[in-house]
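S.K.: mind looking at a prediction? Sequence and model below.
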Amino acid sequence: MAVPAATAGDDAAHECVGRLAASATHELQNALAVIRESAGLMQDLVSLCSEGLPHRDRLCTMLSLIQEQVARGGDLAWNLNRLAHAWEEDGEGPRDLGAVLEEFVALARRGCAMRGVELSQGEGPAVRVNAPGLALRASLLRAVRCCLGEGLPGGPADDMAGEAVRSSRPATGGALVLRAALQDGVPGVEMDFTPPGTRAASGATELSTTSADTARCMQACGAEVRQAEAAHLRFFLPCPNCTA
């Protein structure tokens, strides 16, 4: 899938955003480290106190929750830092496609969950590619948004980070699994998609209107439809401008 050539202005803008984001994520990691160490110290102090300490159980629960959220924030900051350095990847040589997917899934998971879709990374072969770093991630995001129904007739108009108030809760039970793959020597991403609200055991074999629209949208993004059933779609998205 070809993408427009980057201009000098694009490169400068990407460098600006990347450098600022990389610096900010380092500071965020430092702040989280202080919170983690402080919570750990408080846990040690609570453990030294007798059972008669008021609200001891509540304190232990709260401190454990703090540690869990710090770990979650640290994971997001780490992957956001990797994204901030994506502009530097061009021309650096082959990179692990699985590692790019790991970063992408960590950062895009929330947007998918808001649409009732659980985003995850599946096991696949070790694939190393030469590809423009930002173009690769942009291609993935376009494809994921297709699966979420964004841009489809009757689909949500706001983006993945939108916080628009919805009058009804979205359907749940959807799943989107991304894995590195090679097809006839071409590197890319295999995408297994089960739309939210579908019932795999319903016995239906024909595509719903929404699934058919999703398949057409994915084809417009450069993906190949490899399997299309009532409750399961499988696509292959070639890496843009890349070689294995």
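M.R.: Arrived safely.

S.K.: any low-confidence regions in this protein?
M.R.: Within the chain, the stretches with pLDDT under 70 are 1-9, 50, 90-92, 151-171, 198-208, 230, 243-244.

S.K.: quick one, helices of it?
M.R.: When assigned using DSSP state H, the helices of the chain occupy the ranges 8-48, 56-84, 97-113, 133-147, 209-220.

S.K.: by contact count, what packs against the shortest one?
M.R.: Applying 3 or more Cβ pairs under 8 Å, 6 or more residues apart in numbering; DSSP states H and E, one finds that helix 209-220 makes contact with helix 133-147, strand 224-229, strand 232-238. The C-beta positions use only the backbone N, C-alpha and C, and glycine is treated the same way.

S.K.: now mean neighbour count too, for these, in CSV please.
M.R.: Output for the helices and strands packed on helix 209-220, formatted as CSV (neighbours: other Cβ atoms under 10 Å):
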stretch, mean neighbour count
helix 133-147, 22
strand 224-229, 14
strand 232-238, 20
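
S.K.: which one of those lies nearest to Gly73?
M.R.: Closest to Gly73 of the helices and strands packed on helix 209-220 is helix 133-147 (Cβ to Cβ; 21.2 Å).

S.K.: packing partners for the closest one?
M.R.: Counting by 3+ Cβ pairs under 8 Å, 6+ apart, helix 133-147 packs on helix 97-113, strand 174-183, strand 186-194, helix 209-220, strand 232-238.

S.K.: try 10 Å this time
M.R.: Packing partners of helix 133-147 (3 or more Cβ pairs under 10 Å, 6 or more residues apart in numbering; DSSP states H and E): helix 8-48, helix 56-84, helix 97-113, strand 117-121, strand 174-183, strand 186-194, helix 209-220, strand 232-238.

S.K.: what's the angle between the shortest one and helix 97-113?
M.R.: Here strand 117-121 runs at an angle of 170 degrees relative to helix 97-113 (axes from the mean of the first three to the mean of the last three Cα atoms, to 10 degrees).

S.K.: hmm, back to that, output the helices and strands packed on helix 209-220 as TSV; include the columns distance to Asp44.
M.R.: Shown next, in TSV, are the helices and strands packed on helix 209-220 (distance: least, Cβ to Cβ, whole Å):
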stretch	distance to Asp44
helix 133-147	41
strand 224-229	54
strand 232-238	49
